[in-house]
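> Build me a model:
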Amino acid sequence: MGGNAAGSIAADAPRPASALSIAGSDSGGGAGIQADLKTFAAHGVHGLSAIAALTAQHTRGVTAVHVPDPGFLRAQIDACFEDFDVRAVKLGMLATAEIIHAVADALEHWRPGALVVDPVMVATSGAKLLADDALDALRSRLLPMASVLTPNLPEAELLLGRRIGPGAEADAALADLLALGPDAVLLKGGHLAEDEVIDRFGSGVLRASFRSPRLPVEGHGTGCTLASAIAARLALGESPPGACRLGTEYIAGALAAGYRPGRGGVMVLDHFWRFREA
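Coordinates of the predicted model:
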């Protein structure tokens with residue numbers, strides 16, 4: 001019966017908006033592909049995934065990383081674009097230069113309408129997730145393609161090659177990140193020594209700040225979730241500044257409603273907090 005029901009749908013029927021995450025898998029379920037798919041679902045977007053790395057990971061850290069063959073990664077990406085209405089792509093953990101080049105080649109071929117680049121380099125636990133030779137590939141191949149770049153402070157410092165302080169230094173860093181080629185940048189403020197979390201948005205024509213209370217918790221998967229929330233909003237037709245504002249509001253609620261499923265001290269986000277409030 002189920003097969004007949006599916007077969008009754010016209011082949012030319014409108015397809016729902018889809019968002020694709022090209023990122024690492026988190027076996028602990030709090031970050032990476034797992035967090036991205038939860039976030040897409042919470043925003044009413046069909047979630048797709050192409051796994052660029054596998055991690056053995058829990059709330060206490062990353063114990064092992066395996067990077068699949070770039071050809072298989074490309075096959076995953078092609079399969080998604082060949083069948084779904086991919087409105088936005090979110091990039092997360094891309095561990096090697098070879099993987100970055102494979103992803104860039106695929107995106108140049110398929111040319112998605114929106115690309116959110118979360119330059120994952122260091123895990124919440126402090127484990128390094130990006131090989132040394134991959135940084136130049138990230139700068140040269142992916143940043144110029146980005147609709148929105150979403151670095152945190154340590155990632156922005158690696159991209160710019162200098163330390164960044166609060167206030168005017170963070171404002172200047174935002175401009176310098178834009179000079180690397182993305183259409184827009186959301187410089188996340190969680191690591192900055194400021195009384196509240198100030199996420200700084202910049203594009204060629206607009207500057208804005210999104211502020212939220214600083215909570216006394218350490219969240220797991222916050223960067224992945226914020227970038228995928230922005231991608232979901234872009235897939236639904238929101239503008240980059242609007243998508244970033246709504247994304248920061250979503251992440252603040254998800255963190256405030258977070259919980260601890262493991263023995264580690266980090267908080268896993270509640271991606272469906274809005275449904276529980278209702």
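> what about the strands in the chain?
Listed in chain order, the strands of the chain (DSSP state E) span residues 18-26, 46-58, 61-66, 86-91, 115-117, 148-149, 184-187, 197-203, 207-212, 219-220, 267-268.
> which residues of the stretch 1-150 of the chain fall in helices?
Along the stretch 1-150 of the chain, counting by DSSP state H, counting those that start in this stretch, helices occupy 2-7, 32-42, 70-83, 97-110, 134-137.
> Looking at the ones you listed, which is nearest to residue 219?
helix 32-42 (10.5 Å; Cβ to Cβ). Heads up, the C-betas are built off the backbone N, CA and C, glycines and all.
> hey, C-alpha coordinates of that closest one in PDB?
Extracted C-alpha coordinates of helix 32-42, given in PDB (Å, rounded to 0.1, in the frame of the first residue of the first chain):
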ATOM      1  CA  GLY A  32      28.500  17.700  12.700                       C
ATOM      2  CA  ILE A  33      26.100  16.000  10.300                       C
ATOM      3  CA  GLN A  34      23.800  14.800  13.100                       C
ATOM      4  CA  ALA A  35      23.300  18.300  14.400                       C
ATOM      5  CA  ASP A  36      22.800  19.700  10.900                       C
ATOM      6  CA  LEU A  37      20.100  17.200  10.000                       C
ATOM      7  CA  LYS A  38      18.200  18.000  13.300                       C
ATOM      8  CA  THR A  39      18.500  21.700  12.600                       C
ATOM      9  CA  PHE A  40      17.200  21.300   9.000                       C
ATOM     10  CA  ALA A  41      14.300  19.300  10.300                       C
ATOM     11  CA  ALA A  42      13.500  21.900  13.000                       C
END
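> Which other helices and strands does that helix contact?
When contacts are defined as 3 or more Cβ pairs under 8 Å, 6 or more residues apart in numbering; DSSP states H and E, helix 32-42 packs onto strand 18-26, strand 46-58, helix 222-235.
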